[in-house]
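Undergrad: The following block contains a protein sequence and its predicted model.
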Amino acid sequence: MKLFGGDKSEHPMSDAKEARTILDAVQAGDPFKAVEDLSHWLESVRTWETFKPEYRAQLVQMVDDAAQIPLRKLQREYLHTPRLSKFQENRLWATIREWYRQSAFAFATCIDYYATGQKGSDALKASMPFLTVRALRALAAQMKWQSMRYSPSDNFLWAMLYKIYSLSENRRFSQAKVAAYAGPPGETSAEQEFLKAVMLSASSLDSLLPAEIDLVEHLIAHFIDSLKLSADFDPEVTYWTDLAASQAPMRLVQPPQPVSSLRFFTAAAAVNELEQLMQTVISTNAVPSVLGLGGNYEADVVLRALNHVALYWSQKAPERKAPRHKVKSRVAVTHGFDGVLAALDPAAEVRADPDEVESWVVENVSAGGFGASVPQIRGDWLRIGCLIGLQPEGGTNWIVGVIRRFHRDSPQQGTAGIQTLARSAVPAKVRLQSRMARTGQNVEPAILLNPADQGSDVKVLLRGGVLVSGQNLELERDGKGYLLIPEGIMERCEDYELVRFHQMVREADK
């Protein structure tokens, strides 16, 4: 940026008024472009050598403030827009995650000037509680968005978080209250932001969908006054971490060797409040306004999130419903409603693509499912709630299951927890029928689960959105006609619905 042969150039934001003009213009544009441009401005401000520490911190705050409105728009689009295209989803995620990466680095740079006593850094002393709160929040947000892609724990980010929080303790401002941003009411502190980060990590995010991860973050913020952080061990604590290490917090199995850098934390006091909220949701079938979720979530989604955090915040560690047994066997894996249907019925209209069938290694089995390693992650289809078919090596039968837990061990490898829906399944054709009319309407493919075990109730997989209120299904199987009356949707994902039906034999028309 050395213009017209000058030895040094002025940064475009060297003047605060000019900086404000630039930011106003950027903020007024398209949210995507605004956040991308502001990420570049933040990096520029962070790395510009001649800024004084106090002015750099002022600019970082200004750029961060300017990003909040467009950033919230992008986050709402990612979390609450149904059926985003893969391109849209990836672009949104990458833009949001990159913003938080740049934001965390920018605030950390300001804090580092103060911590290392560089020239002019004394002027930052009064603003350190504020800068620390924003740095910790940005680091926690970066971890959160990486967890939405089930990425492995980033030890570098944990080391940054611990160092910044340790500084706040050492300089005795960890509990100083500040307003993190101008909009949302209430104040926070470095200690509370640290607690939010470690509690989010402790909440077993690898079994949640992105919107559920966001909801858990809201619940943690709601219960923040009931969370407890301590340097001393007591029987009530459930998790611990070491500020001198660089790894995620862990559930307490036995007290670790005592050192001054240990921190213990618990949500035991919040569990009773959680149970009361669950009862309110169950009795009213509505989201309590006290949670401040603004109508973004349905009652059943909130109830699932409350049950989830109650399970993992409890002092008693979650137990498996059935014992697991170690094995080592390969399985062929296909995914999605069409992929499973094609595997079950090779002669169907939907044909299986051999390139879409993957090979995984089952590591353990139980009465309810499998644990499998994914030696090579192909594409971005693998996520919580995805329908899959599994065929053991050398076998002919396909098992139908759902991904319940997923964790990336590296960018190309991961482990998956799979719940078994059915040990056997058969393809079928069903006719949609209005309850007001005798005549059947559209014919749709379906998958009957465990057909040999069915009694008066049956479980059927359908394509997402096929069945609407007021419709029954007609089914012909083994020379008999059946009327299937829906009793409830058991599972719903992007491309399928699992529905429970009451089955009645239909008499032949006379």
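TA: Arrived safely, thanks for sending.

Undergrad: got the residue ranges for the strands in the stretch 351-500 of the chain?
TA: Counting by DSSP state E, counting those that start in this stretch, residue ranges of the strands within the stretch 351-500 of the chain are 358-365, 369-374, 387-392, 399-410, 413-422, 425-434, 443-449, 457-463, 471-477, 480-492, 496-506.

Undergrad: List the neighbouring strands of the fifth one plus their orientation.
TA: Applying DSSP bridges, strand 413-422 is found paired with strand 369-374 (antiparallel), strand 399-410 (antiparallel).

Undergrad: Switch the ones you listed over to a markdown table; also include mean neighbour count and mean pLDDT.
TA: Bear in mind the C-beta positions are built from the backbone N, C-alpha and C, glycine included. Compiled in a markdown table, those are given as follows (neighbours: other Cβ atoms under 10 Å; pLDDT from 0 to 100):
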| stretch | mean neighbour count | mean pLDDT |
| --- | --- | --- |
| strand 369-374 | 20 | 92 |
| strand 399-410 | 19 | 91 |
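
Undergrad: I'd say S127 and A57 touch.
TA: Yes. With contacts counted by Cβ atoms under 8 Å, S127 reaches A57, the gap being 6.3 Å.

Undergrad: For the residue nearest in space to the middle of the chain, what are phi and psi?
TA: Residue closest to the average C-alpha location in the chain (Cα atoms, centre = their mean): P210, at 3.0 Å. Dihedral angles of P210 (phi, psi; degrees, to the nearest 10) stand at phi -50, psi -50.

Undergrad: How about V301?
TA: Main-chain torsions, V301, degrees, to the nearest 10: phi -70, psi -40.

Undergrad: got it, and the one 5 residues further on?
TA: Geometry field for L306 lists phi and psi as phi -60, psi -40, criterion degrees, to the nearest 10.

Undergrad: Domains of the chain: list them as residue ranges, please.
TA: 9-181, 325-422, 425-506 (automatic domain parsing).

Undergrad: Please enumerate the strands of the stretch 101-250 of the chain.
TA: Using DSSP E, counting those that start in this stretch, the strands of the stretch 101-250 of the chain run over residues 228-230, 239-242, 250-251.

Undergrad: a markdown table for the ones you listed, including mean neighbour count, mean pLDDT and distance to I164?
TA: A markdown table is the format used below for the strands of the stretch 101-250 of the chain (neighbours: other Cβ atoms under 10 Å; pLDDT from 0 to 100; distance: least, Cβ to Cβ, whole Å):
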| stretch | mean neighbour count | mean pLDDT | distance to I164 |
| --- | --- | --- | --- |
| strand 228-230 | 16 | 94 | 15 |
| strand 239-242 | 20 | 96 | 14 |
| strand 250-251 | 12 | 92 | 20 |
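
Undergrad: for those strands, which one sits closest to R46?
TA: Checking the strands of the stretch 101-250 of the chain against R46 by Cβ to Cβ gives strand 239-242 as the closest, at 27.6 Å.

Undergrad: For that closest one, name the packing helices and strands.
TA: strand 250-251, strand 262-266 (3 or more Cβ pairs under 8 Å, 6 or more residues apart in numbering; DSSP states H and E).

Undergrad: Tell me which of those sits most buried.
TA: Ranked by average neighbour count under the criterion mean count of other Cβ atoms under 10 Å, the helices and strands packed on strand 239-242 are headed by strand 262-266 at a mean of 21.

Undergrad: CA atoms only: put it into CSV for me.
TA: Listed in CSV are the C-alpha atoms of strand 262-266, where the atom choice follows Å, rounded to 0.1, in the frame of the first residue of the first chain:
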residue,chain,number,x,y,z
LEU,A,262,-6.9,-27.1,37.6
ARG,A,263,-10.4,-25.7,37.3
PHE,A,264,-13.6,-27.7,38.2
PHE,A,265,-17.0,-26.8,37.0
THR,A,266,-20.6,-28.1,37.3
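
Undergrad: packing partners for that strand?
TA: By 3+ Cβ pairs under 8 Å, 6+ apart, strand 262-266 packs against helix 190-201, strand 228-230, strand 239-242.

Undergrad: what separates the longest one from the chain centre, distance-wise?
TA: Remark: helix 190-201 is offset 17 Å from the chain centroid, using Cα atoms, centre = their mean, to the nearest Å.

Undergrad: ok, now stretch 93-106?
TA: With Cα atoms, centre = their mean, you get 17 Å for stretch 93-106.

Undergrad: what about the residue nearest to Y496 when sequence neighbours are not counted, helix or strand, and which?
TA: Distances taken as Cβ to Cβ, 6 or more residues apart in numbering place F337 nearest to Y496, at 4.2 Å, with adjacent residues excluded. Per DSSP states H and E: F337 is located in helix 336-344.

Undergrad: Now do that helix: which elements does it pack against?
TA: Under the contact criterion of 3+ Cβ pairs under 8 Å, 6+ apart, helix 336-344 touches strand 325-335, strand 387-392, strand 425-434, strand 443-449, strand 457-463.

Undergrad: hey, which of those strands is tucked in deepest?
TA: Highest mean neighbour count among these (mean count of other Cβ under 10 Å): strand 387-392, a mean of 22.

Undergrad: okay, the angle between that strand and strand 399-410?
TA: On the basis of axes from the mean of the first three to the mean of the last three Cα atoms, to 10 degrees, strand 387-392 is oriented at 100 degrees to strand 399-410.

Undergrad: so what strands line up beside strand 387-392?
TA: By DSSP bridges, strand 387-392 pairs with strand 325-335 (antiparallel), strand 399-410 (antiparallel).

Undergrad: Average pLDDT for that strand, rounded please.
TA: The predicted model gives strand 387-392 an average pLDDT of 93.

Undergrad: before we move on, the earlier item: how many residues are close by the residue nearest to Y496?
TA: 22 (other Cβ atoms under 10 Å).

Undergrad: was I right about it contacting L461?
TA: Yes. With contact defined as Cβ under 8 Å, F337 counts as touching L461 (6.6 Å).

Undergrad: In stretch 225-236, which residues are buried?
TA: Residues of stretch 225-236 classed as buried: S226, L227, K228, L229 (neighbour count, 16 or more other Cβ atoms under 10 Å).

Undergrad: ok, now stretch 289-304?
TA: So, applying 16+ other Cβ under 10 Å, buried residues of stretch 289-304: L291, L293, Y297, V301, V302, L303.

Undergrad: Is it possible to get TSV of those residues that adds distance to F51?
TA: Below are those laid out as TSV (distance: Cβ to Cβ, whole Å):
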residue	distance to F51
L291	41
L293	40
Y297	42
V301	45
V302	45
L303	50
